[in-house]
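>>> Got a predicted model here, sequence first, then my questions.
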Amino acid sequence: MMDDSVFYSEFGKDIAHVLSIDPGLRLGEFAKFLDRSEDSALSTLAKISGLKIVKKFTINGEILKNLPYQLITEYKILPLSVDGNVIFLIVCWPLTDSQIKWITVATGFTVECSLGYPEAITKFIAESFGLSGVAAQSVDDEQRSESSENEDAIVIKFVNDLLKRCIGARATDIHFEPQRASLTIRYRVDGDLVIARVPDNLKKFQAAIISRLKIMARLNISEKRHPQDGKILFKMPQGTLDIRVSTLPTTYGESVSLRILANNSGPIGLEDLGLDQVRSKLVKSTLKQPHGIVLVTGPTGSGKSTTLSACLRELRVPNKRLMTVEDPIEYEIQGVNQTQVNPEIGLTFASVLRSILRQDPDIIMIGEIRDRETAEIAIRASITGHLVLSTLHTNDSVGALTRLRDIGVEEFLLSSAIRIIVAQRLVRKLCPHCSRKEDLQEVVRREMQEIFESDLSSAYVAHGCDHCDGLGYYGRVGIFEILDINDAIREAIVERKSESEIRTIAVQNGMLTLKSDVLSKIKDGTTSIDEAMRVIGH
């Protein structure tokens, strides 16, 4: 309970951006400002404000009647209890004198506050309040507004709050899935889907929610029989995010999927991806070559675009002209000329590439090699003095050679054009707050010996805590396998040796496989055995 001037005097005017955003998001921004964890930032906040911290709380439905819905959602506060003429609140951020005055006027109570974790408070609000704008326990149906204008405003606020909440939880995708009796909303965090906590009465507002999303994406709201694609530019405290929108007719209504593109985020260097020093050095030395092809392979969602963006940042120098052709542009990189394909008007990878070659590029990045024509243009560009970066959908590094052969690329071209092939996956990182080292059961030890050829007696295990939302994991890191196309591999390619033969030669020449890399991350506690098994397919 203080005036904002306390923060200005304590931290200076730079704190203004923290105080200007939603209370539910302020602690995260405050932690970034201090360059500390949220737990440490909350302790600092409590010390400055003189408020105690409440880590766990329960809310009685009857208590909610004492506080208007508008104040709960705007200030992100909840009533813990009432004692005489005092109402005890749990808040995401210390209230100002003006806010306390409004609460006193609205409730008739004197206000006492404690600090809580914003995530817990906002989740409770999302679970407890319907889209009609009132708490289900506290307001009679006849009190609810029947105005369509009010309903529209409520839906707009709900959609905006939901997007902010999911993005704040590090979501990469958000899915609105109509079912017979409900509208399910799920979002993907660290590769896994999580069910969003939403009001029970959401099905009633399904049409309005879907229409709101389509309006935001500038789609035709009257067209419900055909799929549509669009884009939302969504404002967040950290900047404007690019959200790709896809609609699809289903049995119980239109399904809407949102892909959140991290325009200005992503790793700065190759080391941030999870590459060790030896392999990072190999990639960097290859990127210094004046020509050739660098391929990144892996299934959908394995982080290929992120790796390419890190490579482009490594290559970005004033005396080099960098050009890309992508579908879509996931990372906007300053100083790089980026083009997005549009097959509907004939703007394909191959057609854009032909034009790019007339633009005097030094380095070209192709989002994906999908066909023979694109592959041939890429190889021709690499042979004529350009460094080319691209991706393929294959399971491992050696498989990329077979894939290119299958689409018609000659062996002598492969051996002369390609410099390295990077195969990768993403594994979830164990939450540092709750993971614990435990002895392995005998059956697990035998399985580790069989799959990884390693006699491992103990490993770190996921447990789950408030920090990781009970998942046991927080964030992801890459595991890599890099095939260096040296003389021995070139000879094997020209001689049309099999995948297994080329792999044997590569390992003999020092290539670390995906299994080897993930095993090292199990041993150092970065990830768990369960996660490793899930990702590498055992």
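Nice, thanks for sending it over.
>>> Could you pull out the helices in the stretch 151-300 of the chain for me?
Using DSSP state H, counting those that start in this stretch, the helices of the stretch 151-300 of the chain run over 206-216, 277-287.
>>> can you put those helices in JSON lines and add mean neighbour count?
From N, CA and C alone the C-beta is placed, and that goes for glycine too. Shown next, in JSON lines, are the helices of the stretch 151-300 of the chain (neighbours: other Cβ atoms under 10 Å):
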{"stretch": "helix 206-216", "mean neighbour count": "19"}
{"stretch": "helix 277-287", "mean neighbour count": "16"}
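>>> Any chance of CSV for the ones you listed, columns distance to residue 518?
CSV is the format used below for these (distance: least, Cβ to Cβ, whole Å):
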stretch, distance to residue 518
helix 206-216, 38
helix 277-287, 14
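>>> closest to residue 71 out of the ones you listed?
The stretch from those with the least distance to residue 71 (Cβ to Cβ) is helix 206-216; that distance is 24.4 Å.
>>> what's the neighbour count on the residue lying closest to residue 362 once chain neighbours are set aside?
Distance criterion Cβ to Cβ, 6 or more residues apart in numbering; nearest residue to residue 362, sequence neighbours excluded, is residue 320 at 4.4 Å. By other Cβ atoms under 10 Å, the residues close to residue 320 number 12.
>>> does residue 320 sit in a helix, a strand or a coil?
coil (DSSP: H, G, I helix; E, B strand; the rest coil).
>>> With residue 311 as the reference, measure out to it.
Residue 320 is 13 Å from residue 311, where distance means Cβ to Cβ, to the nearest Å.
>>> Would you mind giving the helices of the stretch 151-300 of the chain as a markdown table with distance to residue 161 and mean pLDDT added?
A markdown table is the format used below for those (distance: least, Cβ to Cβ, whole Å; pLDDT from 0 to 100):
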| stretch | distance to residue 161 | mean pLDDT |
| --- | --- | --- |
| helix 206-216 | 12 | 93 |
| helix 277-287 | 41 | 92 |
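>>> closest one to residue 466 among the ones you listed?
Across the helices of the stretch 151-300 of the chain, the minimum distance to residue 466, taken as Cβ to Cβ, is reached by helix 206-216, at 29.0 Å.
>>> can you tell me how far the residue nearest to residue 362 sits from residue 387?
Separation of residue 320 from residue 387 (Cβ to Cβ) stands at 9 Å.
>>> anything in contact with each of those two?
Common contact partners of residue 320 and residue 387 (Cβ atoms under 8 Å, 6 or more residues apart in numbering): 362-363.
>>> circling back to that earlier point, list phi and psi for the residue nearest to residue 362.
When read as degrees, to the nearest 10, the backbone of residue 320 gives phi -120, psi 140.
>>> quick one: it from residue 314, how far?
Computed with Cβ to Cβ, the distance linking residue 320 and residue 314 is 11 Å.
>>> Mind listing the shared neighbours of the two?
Residues touching both residue 320 and residue 314 (Cβ under 8 Å, 6+ apart): none.
>>> what ranges of the stretch 51-200 of the chain fall below the confidence cut-off?
Along the stretch 51-200 of the chain, segments meeting pLDDT under 70 span 129-151, 200.
>>> all helices for the stretch 351-500 of the chain, in order.
For the stretch 351-500 of the chain, the helices defined by DSSP H, counting those that start in this stretch cover 372-383, 397-406, 411-417, 442-452, 487-494, 499-508.
>>> Lowest mean pLDDT across those helices, which one is that?
Lowest mean pLDDT within the helices of the stretch 351-500 of the chain: helix 442-452, a mean of 88.
>>> helices or strands next to that helix in the packing?
Contacts defined by 3 or more Cβ pairs under 8 Å, 6 or more residues apart in numbering; DSSP states H and E place helix 442-452 against helix 514-523, helix 529-536.
>>> Select, out of these, the one closest to residue 103.
With Cβ to Cβ as the criterion, residue 103 lies closest to helix 529-536 of these, at 45.6 Å.
>>> for that closest one, what is the average pLDDT?
The average pLDDT within helix 529-536 is 90.
>>> angle of that helix against helix 442-452?
Per axes from the mean of the first three to the mean of the last three Cα atoms, to 10 degrees, the angle that helix 529-536 makes with helix 442-452 is 30 degrees.
>>> tell me which residues in helix 529-536 are buried?
Counting neighbours by 16 or more other Cβ atoms under 10 Å, one finds that the buried residues in helix 529-536 are 529, 531-536.
>>> And for stretch 154-164?
Buried, per 16+ other Cβ under 10 Å, within stretch 154-164: 154-155, 158-159, 161-164.
>>> same deal with stretch 83-95?
Using 16+ other Cβ under 10 Å as the test for burial, stretch 83-95 gives 87-95.
>>> Stretch 384-401 too?
Buried residues in stretch 384-401, defined by neighbour count with 16+ other Cβ under 10 Å: 386-401.
>>> These: which two are farthest apart?
With Cβ to Cβ as the measure, no two of the buried residues of stretch 384-401 lie farther apart than 386 and 395, at 27.8 Å.
>>> first to last residue in stretch 55-66, what's the distance?
End-to-end distance for stretch 55-66, by Cα to Cα, to the nearest Å: 22 Å.
>>> swap that for stretch 351-366, please
Using Cα to Cα, the end-to-end distance of stretch 351-366 comes out at 12 Å.
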